[in-house]
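Peer 1: next one to model:
(one chain, ligands or ions: 2)
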Amino acid sequence: MLINVTKLLLSEGFVKEVNESIPIDKIKCQGITYSLKDEVKTEVKLTNIGKKEVEIAGKLNAALIIPCSRCTEEVIYHLETNFHRVASFGEKRVAVDDDDDDEANKYVEGHNIDLYQLVYEELIINFPMKVLCKNDCEGICNSCGCNININKCDCDNLDIDPRMAVFKDILKDY
Ligand SMILES: [Zn+2]
Ligand SMILES: [Zn+2]
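Peer 2: Ligands and ions are numbered 1, 2, ... in the order given. The predicted structure follows:
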């Protein structure tokens with residue numbers, strides 16, 4: 001998904017708008033692969049801000065499939081976020097800057113902006129830390145492993161500190 005910016009670079013102030021759906025179906029975040037339910041919708045505005053630099057202002061909308069942090073049921077998480085970057089297309093960069101630029105501009109290839117790469121990076125940056133299927137998700141039973149939201153098991157899952165459990169047993173004898 002490359003956006004060619006050759007024409008855009010001709011004159012400062014030129015603007016190019018791109019509305020694309022990016023077919024990212026999997027994303028790898030911290031060693032775990034997650035699926036996406038739909039293509040990622042994007043609205044991107046590119047502006048030539050002079051000095052061979054292009055300002056990228058965009059919005060993305062993705063449906064990530066993520067397991068609930070408590071019960072592991074899959075949840076569709078709608079991620080909507082704005083992003084803002086400046087891509088440099090200068091022919092020759094000062095040697096000192098090279099390392100930084102290469103690292104920061106992986107989505108820049110020649111006179112193209114790789115929207116797939118850019119959106120992928122934004123999904124990783126904005127990936128949610130914790131997702132719950134519902135706010136009061138009861139999670140999984142520690143004893144039998146059933147999903148307590150679906151199955152009310154008979155396990156004794158009182159939230160008792162293991163050290164306090166000793167006292168519970170003592171009290172039982174009375
Ligand atoms: Zn849950
Ligand atoms: Zn149980």
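Peer 1: was I right about residue 153 contacting residue 141?
Peer 2: Yes: the pair residue 153 and residue 141 passes the contact test of C-beta atoms under 8 Å, sitting 5.2 Å apart. For the C-beta atoms, the positions are set from N, CA and C on the backbone; glycine is no exception.
Peer 1: who has more neighbours, these two?
Peer 2: Using other C-beta atoms under 10 Å as the criterion, residue 153 and residue 141 rank with residue 141 on top: 17 against 13.
Peer 1: let me know the pLDDT of the more buried one.
Peer 2: Listed pLDDT for residue 141 reads 93.
Peer 1: do residue 156 as well
Peer 2: pLDDT recorded at residue 156 is 77.
Peer 1: wait, what's in contact with it?
Peer 2: By C-beta atoms under 8 Å, 6 or more residues apart in numbering, the residues touching residue 156 are residue 143.
Peer 1: check the gap between it and ligand 1 for me.
Peer 2: Per C-beta to the ion, to the nearest Å, residue 156 is found 21 Å from ligand 1.
Peer 1: and the gap between that residue and residue 78?
Peer 2: Going from residue 156 to residue 78 by C-beta to C-beta, to the nearest Å gives 38 Å.
Peer 1: ok, then the element right after the lowest-mean-pLDDT helix or strand in the chain?
Peer 2: Within the chain, no helix or strand scores below helix 95-104, which has a mean of 50 by mean pLDDT, DSSP states H and E. Next in sequence after helix 95-104, counting helices and strands by DSSP states H and E, comes strand 108-109.
Peer 1: quick one: contacts of that following strand?
Peer 2: Taking C-beta under 8 Å, 6+ apart as the rule, strand 108-109 contacts 2, 87-89, 114.
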